[in-house]
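J.: Make a model of this:
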Amino acid sequence: MTNPIAFYVFIALFAISSFVHLAFCFLENEKVRAITKCFPLVFLAVAAFVGFPNVPMLGIALICGAIGDAFLLRKKDRGVLLLLGAMFFMVNHALFIASMLTLAGPLEIGYYIALGCYYVLFLAMIPLSLKIVKKVYLGIGMALYFAALTSDTLVSIFLLVNGHQGLFFLALGGALMFLLSDSILGYTMFKKDIKRRDFYIMLTYLGAQVLIFCGIVFGLIG
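T.: Numbers count the residues shown, from 1 in each chain. Sure thing, here's the model as predicted:
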């Protein structure tokens, strides 16, 4: 770790800002919730940059997550802003996956072929996405995003069974929390709203980000 003091300072700021944001989500204070939403991931990204400047993918992944958060501030927007947010989250997941694969070391070519085949199969589900969201560009964007999202889970499982238990157990937990968070988001956005939806979405979302972050950081330290 390059700068441990600055790293832990920004980790503390992440924890404090997360608590504040979740509190306003629980209180359903929309104005303050919108102001505080992007701060946690920005602080976590800075922690990554100052602690591990030799692995910029980790910090950039978190910055992309923060930008995605900003695009999703308006829950009623189901058009271009939602698509842009999904694309930044897709990059967030792709860079997490790249970081995990870098730490895992050389892998057999068959794994990459299997992952490529998975993407092709997942994109075959675009018609289902179109049926849900009703817009062509949004349906394609959502299919691409969920392909990246579920790839976190697949990569974590693959690396777990190949002997990387300590690091990727955390990453798998984070990937599963992402699935839960986005399931709540999708349900409340396209099906039925629920009370304190943002609290449940952000609690699982921030938990997902920090679990994958910790998994990668422990891999870098150890």
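J.: Pull the number of nearby residues for residue 120.
T.: Using other Cβ atoms under 10 Å, the number of residues around residue 120 comes to 9. Quick note: C-beta positions are derived from backbone N, CA and C, even for glycine.
J.: Roughly how far does it sit from residue 147?
T.: Between residue 120 and residue 147 the computed distance is 9 Å (Cβ to Cβ, to the nearest Å).
J.: and residue 161, how many neighbours?
T.: Applying other Cβ under 10 Å, I find that residue 161 has 10 neighbouring residues.
J.: That should have said residue 86, apologies.
T.: Here the count is done by other Cβ under 10 Å, and residue 86 has 22 residues near it.
J.: Which parts of the host helix or strand of it count as buried, going by neighbours?
T.: If you go by DSSP states H and E, residue 86 is part of helix 80-104. Applying a neighbour-count criterion of 16 or more other Cβ atoms under 10 Å, one finds 82-97, 99-101, 103-104 buried in helix 80-104.
J.: the helices in this protein, which residues?
T.: Counting by DSSP state H, the chain has these helices, from start to end: 4-26, 30-36, 39-51, 56-71, 80-104, 109-123, 126-133, 136-160, 165-190, 197-221.
J.: Could you tell me the angle between the first one and helix 39-51?
T.: Direction vectors for helix 4-26 and helix 39-51, defined by axes from the mean of the first three to the mean of the last three Cα atoms, to 10 degrees, enclose an angle of 170 degrees.
J.: Name the residues that touch helix 4-26?
T.: For helix 4-26, contacts defined as Cβ atoms under 8 Å, 6 or more residues apart in numbering pick out 1, 32-33, 36-37, 39-41, 43-44, 46-47, 50-51, 196, 198-199, 202-203, 206, 210.
J.: so what's the closest residue to residue 188 other than its chain neighbours scoring on pLDDT?
T.: Leaving aside its chain neighbours, residue 188 sits nearest to residue 197 (4.5 Å; criterion: Cβ to Cβ, 6 or more residues apart in numbering). At residue 197, the pLDDT value in this model is 89.
J.: With residue 142 instead?
T.: Here the pLDDT value assigned to residue 142 is 69.
J.: got it, and the one 10 residues further on?
T.: Residue-level confidence at residue 152 comes out at 75, pLDDT.
J.: Correct me if wrong: it contacts residue 175.
T.: Yes - at 3.7 Å, residue 152 counts as touching residue 175 under the criterion of Cβ atoms under 8 Å.
J.: These two: which is more packed in?
T.: Neighbours were tallied for residue 152 and for residue 175 using other Cβ under 10 Å; the higher tally belongs to residue 175 (27 against 24).
J.: contacting residues for the more buried one?
T.: Residues in contact with residue 175 (Cβ under 8 Å, 6+ apart) are 149-150, 152-153, 156, 208, 212.
J.: Roughly how far does it sit from residue 169?
T.: Using Cβ to Cβ, residue 175 is found at 11 Å from residue 169.
J.: and the helix holding residue 86 with helix 136-160, angle?
T.: Here the directions of helix 80-104 and helix 136-160 differ by 20 degrees (the same axes, to 10 degrees).
J.: gap between helix 80-104 and the chain center?
T.: Helix 80-104 has its average C-alpha position 7 Å from the chain's average C-alpha position, going by Cα atoms, centre = their mean, to the nearest Å.
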